[in-house]
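S.K.: Below is the structure, and that's it, no one-letter string:
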Ligand SMILES: Nc1ncnc2c1ncn2[C@@H]1O[C@H](COP(=O)(O)O)[C@@H](O)[C@H]1O
Ligand SMILES: Nc1ncnc2c1ncn2[C@@H]1O[C@H](COP(=O)(O)O)[C@@H](O)[C@H]1O
Ligand SMILES: Nc1ncnc2c1ncn2[C@@H]1O[C@H](COP(=O)(O)O)[C@@H](O)[C@H]1O
Ligand code: NA
Ligand code: NA
Ligand code: NA
């Protein structure tokens, strides 16, 4: 069972930016992703206490290295300024590269 | 505080496959794991909208490299065909290897 | 878009230890973190079935390598003995190091 | 015609209207949804209410006379399941797994449909036999167990066949196959019987039986008076989920769409006639028919995904929830009520004569 | 004075007291909170109840006479939004984005405020026109759409201006900007109209209209009798959230704090007077005023965060929820009731004379 | 015997039956569970209902006469906590931490037990003093604070002892230890007093007192009539959790099992007798006894896990929820009712004579 190297992009952002992230993914022809609600603290203060709209969401995307650069660039260009958002990339190994 | 290298296996799959995953872990004498419900999109379409049974779950397992190969092999052999499932492996450092 | 290497510390622990973790982070002048509730199994048995107090929580913290050592040391010293807790560290790349 | 009026008056109840509303909300891609915790809780609540009500009724009327209807219901459910399989496999050309999964989905019962039925009767001022709740509980696993048993038999047979063609040097795999089948069956049996729906339903029936009207009075407001309101809330979510699946109906195909409408009609009418023959009341007859007409869309995925993982859930959930459920509660329920009224006024003795006369 | 008594008696209702309790619980840093699923469900429930009630009323009284009040409400809402913008931008020196976001937050309506208003009237034994629920639904997006339209216009103008100063060698960016504006607007329009609040409200009005009193009877306990109890539970959570934001009020600044009190008062009183002029009942007058006085704090963030992401949500949520909402339900509601009573006893014909006399 | 009948009639109430049902559901490994949001919300609801009810009663009857019962309850709770500690440490040979944790778990009170008690009395047609809800709120932290104070004292003493044996060259660690103790205590005090249970209970008492019967009428259906139904739903979940823990009871050991039954009986009967001596009504006497008999299993872990992290939660949660809670609501409650009835019919003046006579 050989594991192939791909990238895992994780975006932790305010829940109302989730749609924007997924639109960006779709633009780059990425359809697979996983999301879940989280609480958190950061520059924009504690999130997740009150209304659901004030929660954070984590969006995790496994993708090939080729696409990473462009996706990350677009997220940072369009969303960094106005949304609570943290983004990081890690290396993971997968079995079926054809899925990504 | 020395960190020891171990593997983190992450399985994102439809919630009704969680039991199967945990059975496989138990078979390989792995008892420690963490699970949580997530939404997601993939080859089998959007998941997490309707009934709880149609959500995804993430199963995360820290384990020694020795066991990884067999666990991954069994999951892919028994579950890849019939279940919505994505699996990836990453490197992590832990303090207490005796726990895993 | 250059990615800078930082550390991601993940602590999976019983929910009543979350406060202690965050206090330790604050002590080391770390204010950013992400948390979410999870279920799990480990040495202290199945967690997440009954009362909410018996769930686990994952605390994820992106931080510079410099701080990691001390934070990990304090968590292990003060919490390992009395709380259900698993901790691991991984390498991630971020865009804006000034945030961490 | 009488039942067109019935359909219309049924259509204009809050339950049906909020269901349709949910469908529309999903179609226009509204972000409306009932939070998961609420929509997970509501079926538990509905089953508890149904169970308590049934148990109290049984205490009042005894449960000796439930034995025959129960066995008849089981027999019909098994027969229907086999019948569905033949139709799906031969006429529909579905593969073995999908055929059995669909056959049992339609052989099984739907608790939500049952709730709506009870509410419909309440609206018509008609009551039904309390023991029908017990039959609901007992019917739940029957059809699944049959289908899973047969699927596993078929799979072992295939394995055996393969083995033999490869010269039987190694039979351990075969034994393993059969062994696995047994394990699976006993697992499914356990899972079915301990499944939350059956457990809360049977538990509540017993508790209702023990406490009776008097013990019930302190919780009547929650478990009786709020019942229809609670269904209404649940129906919004059911409508939303059904609406989200409407696109999938195209994938379901014309054959299965027809099956999802004709089969319940056939099963339901048979149920009504048989129940009338068995001497059930007007309301009981309708509920008996509804039990047989209904398809399972909450319990089914949980059981079938483990037991027959090769079957496509998109087929059985979509057809049961997206087609049969709306059809059952909007159209078939009033039809069965009309049929039941008809055969009840004729008197149950002349019943079979009447039918043959009418059909000839 | 009459309305001090009214304020006092309003202050001592469970709704207001539990709201204040929630604020205190948050201030002493209690871990009390209503689980998310419940506090997400309650607004849906409240809107369904309001809608059903409104629909049933409209069936009883017809809805021909709602047309004029509706258009007047829309016109006022648009006028007020423009007025807010001028005040915020010129006097308050807020930037373009914050000004439009705040202007529309206060031009929009608050469904929770509306619920509390209905309960307040119930308490006073006064009823109101059912069609006001429909006006609530229609007013929801009006103010947002105007503000977003104007913001996008302003942004394109800025882009255009920049372009021209750089010599117009490349107008594609400009076109893109205008294109984006259109996309955004149509998106916002869709999002607003399919937003859960409007959808459940309009749906329930229609269903209420169809089923009438009679069809409602089976769900009356859930959707009518439990209404005030449900608001009370929701108000605990509203109080907690408002309490957690009290610290942020300092950041909101003195200008916006004053705005958050004076503006609703002004809008509300105008609303009361206009509604009286339009011949609405005492209760309807108060509710009409409340519609115009209320600010949106649940729908606003969802819409504005996408449409005007540059605006600071801490400004518009904090002022609407932390200042205006408590002020509206505790102080302004009784004031408007007092004013409405006054102008109603005088007789609506002499109304405008009366006002001018009284003010001169 | 009278109370065997009482036990039996208590056993057959929906509350107890659904609790037993939950235990069975857990034992047969059913996947039945009440969604987290609902089971987190229900205690908040129950405490609000208890508080409102208590507050309204206090408004009717005044609260001057609550002072003595309250101080007696506090004194007994403290005494009992110390007594538990001695028994657990000396006879049970538990370590310091477990002993204090268990001592305070049993010295503290259980809000769910209290709810069941109120429902039991309602069922018997007996009322109780409203101020007991206030005593419930006040007793909540008392026992924890004592236990945590003593634990921290003991720990500092140990540290001090260690220090001295190492020759006192460095007392800063000691100071730090004592400092930490103080910090912890003030933290625990804050956490206890701002804990959601106390906050909602005290808040609701005050609100109930302010609004009175009249203000309550609009929310009576939610906060009074639905009360028993809501407990029933909560008891399903309590039963499930207790059932999941039944295996752990083996680990709890024979000593603690006996303690978990004998101690509440002793505390409860003392409570009943003292309350009778203080002149409380029949119902009030039973509730007073129940307060002292009950153990805390929801608040305890949250407080003790931070304050005495060295203590094993499996011990104190399992014994309080798995043994004492079922025993209290099924067996002890009717016993205390029987005892209270007995001493009440004898007349409270002859009470102590009677007891000594009877016991000699
Ligand atoms: N250092 C960090 N480690 C982990 N998560 C973080 C960190 N900083 C921020 N976050 C998450 O990202 C969200 C947005 O961050 P911010 O924009 O800094 O408010 C926060 O609410 C957290 O959930
Ligand atoms: N590229 C991806 N990145 C992250 N998660 C994914 C990706 N593809 C699929 N998933 C997750 O895995 C689940 C099953 O995937 P699939 O079998 O492709 O439908 C999806 O519902 C997602 O939650
Ligand atoms: N091997 C593992 N892999 C992933 N998560 C684990 C593992 N072991 C323990 N955990 C998580 O850490 C929590 C506490 O572990 P423990 O202290 O061993 O009971 C468990 O409830 C799990 O959620
Ligand atoms: Na059926
Ligand atoms: Na407004
Ligand atoms: Na006690």
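M.R.: Done, it's in. The structure displayed is predicted, hence computed values, not measured ones. Ligands and ions are numbered 1, 2, ... in the order given.
S.K.: burial count for residue A:39?
M.R.: Residue A:39: 18 surrounding residues under other CB atoms under 10 Å in any protein chain shown. C-beta: built from backbone N, CA, C; applies to glycine.
S.K.: who touches it in this structure?
M.R.: Residues counted as contacts of residue A:39 (CB atoms under 8 Å, 6 or more residues apart in numbering or on different chains) are A:46, A:47, A:48, A:49, A:55, A:56, C:34, C:35, C:36.
S.K.: quick check, the last one in a helix?
M.R.: I take that to be residue C:36. No: going by DSSP: H, G, I helix; E, B strand; the rest coil, the assignment for residue C:36 is strand, not a helix.
S.K.: Can you read off the pLDDT for it?
M.R.: Turning to residue C:36, the model gives it a pLDDT of 98.
S.K.: Quick check: bridge partners of it?
M.R.: Counting by DSSP bridges, residue C:36 forms beta bridges with residue C:58.
S.K.: For residue D:147, which non-adjacent residue is closest in space?
M.R.: Distances taken as CB to CB, 6 or more residues apart in numbering or on different chains place residue D:104 nearest to residue D:147, at 3.4 Å, with adjacent residues excluded.
S.K.: secondary structure element for the one you found?
M.R.: Element membership of residue D:104 [criterion: DSSP states H and E] is helix D:96-107.
S.K.: That helix packs against which elements?
M.R.: Helix D:96-107 is packed against helix D:67-86, helix D:132-165, helix D:227-277, helix D:299-307, helix D:313-317, with contacts defined by 3 or more CB pairs under 8 Å, 6 or more residues apart in numbering or on different chains; DSSP states H and E.
S.K.: hang on, residue D:325 packs against residue D:296?
M.R.: No: Residue D:325 is beyond contact range of residue D:296, at 10.0 Å (criterion: CB atoms under 8 Å).
S.K.: Mind listing the shared neighbours of those two?
M.R.: With CB under 8 Å, 6+ apart, residue D:325 and residue D:296 have common neighbours residue D:110.
S.K.: more neighbours, those two?
M.R.: More neighbours surround residue D:296 than the other of residue D:325 and residue D:296, with 31 against 26 (other CB under 10 Å).
S.K.: so how far is residue B:28 from that one?
M.R.: Distance, residue D:296 to residue B:28, by CB to CB, to the nearest Å: 35 Å.
S.K.: From residue D:334, how far off is the residue in chain A positioned nearest to chain F?
M.R.: Here chain A gets closest to chain F at one residue, residue A:52, 12.3 Å apart by CB to the nearest CB. Counting by CB to CB, the separation of residue A:52 from residue D:334 is 40 Å.
S.K.: higher neighbour count, the two?
M.R.: Neighbours were counted for residue A:52 and for residue D:334 using other CB under 10 Å; residue D:334 has more, 23 against 15.
S.K.: which helices and strands does the helix or strand that contains residue D:325 pack with?
M.R.: Element membership for residue D:325, per DSSP H and E: helix D:325-327. Under the contact criterion of 3+ CB pairs under 8 Å, 6+ apart, helix D:325-327 touches helix D:227-277.
S.K.: Could you give me the buried positions within the very next helix or strand once past the helix it packs on?
M.R.: Remark: after helix D:227-277, the chain's next helix or strand is helix D:282-293, criterion DSSP H and E. Residues D:282, D:283, D:284, D:285, D:286, D:287, D:288, D:289, D:290, D:291, D:292, D:293 are the ones in helix D:282-293 that count as buried (16 or more other CB atoms under 10 Å in any protein chain shown).
S.K.: Same question for stretch D:215-234.
M.R.: By neighbour count on 16+ other CB under 10 Å, the buried set for stretch D:215-234 is D:215-216, D:218-234.
S.K.: what about it, distance to the chain center?
M.R.: Counting by CA atoms, centre = their mean, to the nearest Å, stretch D:215-234 is centred 22 Å from the centre of its parent chain.
S.K.: one step back: show me just the buried residues among the contacts of residue A:39.
M.R.: A:47, A:48, A:55, A:56, C:34, C:35, C:36.
S.K.: Pick the one among the residues you listed closest to chain B.
M.R.: Nearest to chain B among the buried ones among the contacts of residue A:39: residue C:36, at 6.7 Å, using CB to the nearest CB.
S.K.: Ligand 1 contacts on chain A?
M.R.: Selection of chain A residues close to ligand 1 by CB under 6 Å from any ligand atom yields A:12, A:40, A:41, A:42, A:43, A:44, A:47, A:56, A:84, A:85, A:86.
S.K.: Now, the residues you listed that are in strands?
M.R.: A:12, A:40, A:41, A:56, A:85, A:86 (DSSP state E).
S.K.: Tell me the most packed of the residues you listed, by neighbour count.
M.R.: In those, the most neighbours by other CB under 10 Å go to residue A:56, 27 neighbours.
S.K.: how close does it get to residue C:38?
M.R.: Remark: distance between residue A:56 and residue C:38 (CB to CB) = 16 Å.
S.K.: just the residues of chain A next to ligand 1 that are near chain C?
M.R.: A:12, A:40, A:41, A:42, A:43, A:56, A:86 (CB under 8 Å from any CB of the partner chain).
S.K.: Identify, from the residues you listed, the entry nearest to ligand 3.
M.R.: Of all those, ligand 3 sits closest to residue A:40, with 19.3 Å by CB to the nearest ligand atom.
S.K.: quick one, what contacts the nearest residue to that closest one once chain neighbours are set aside?
M.R.: Closest residue in space to residue A:40, ignoring its immediate chain neighbours: residue C:34 at 4.1 Å, by CB to CB, 6+ apart. By CB under 8 Å, 6+ apart, the contact set of residue C:34 is A:12, A:38, A:39, A:40, A:56, A:58, A:86, C:59, C:60, C:61.
S.K.: try 7 Å
M.R.: Residue C:34 makes contact with A:12, A:38, A:40, A:56, C:60, according to CB atoms under 7 Å, 6 or more residues apart in numbering or on different chains.
S.K.: quick check, nearest of those to residue E:202?
M.R.: Nearest to residue E:202 among these, counting by CB to CB, is residue A:56 at 31.4 Å.
S.K.: Any chance of a markdown table for the ones next to chain C among the residues of chain A next to ligand 1, columns distance to residue E:4 and pLDDT?
M.R.: Shown next, in a markdown table, are these (distance: CB to CB, whole Å; pLDDT from 0 to 100):
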| residue | distance to residue E:4 | pLDDT |
| --- | --- | --- |
| A:12 | 50 | 98 |
| A:40 | 45 | 96 |
| A:41 | 43 | 96 |
| A:42 | 46 | 95 |
| A:43 | 45 | 91 |
| A:56 | 45 | 96 |
| A:86 | 51 | 96 |
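S.K.: how about those residues in CSV, adding distance to residue F:260?
M.R.: Shown next, in CSV, are those (distance: CB to CB, whole Å):
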residue, distance to residue F:260
A:12, 45
A:40, 41
A:41, 41
A:42, 46
A:43, 50
A:56, 43
A:86, 48
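S.K.: Relative to chain D, which of the residues you listed is nearest.
M.R.: Closest to chain D out of these is residue A:56 (18.0 Å), distances taken as CB to the nearest CB.
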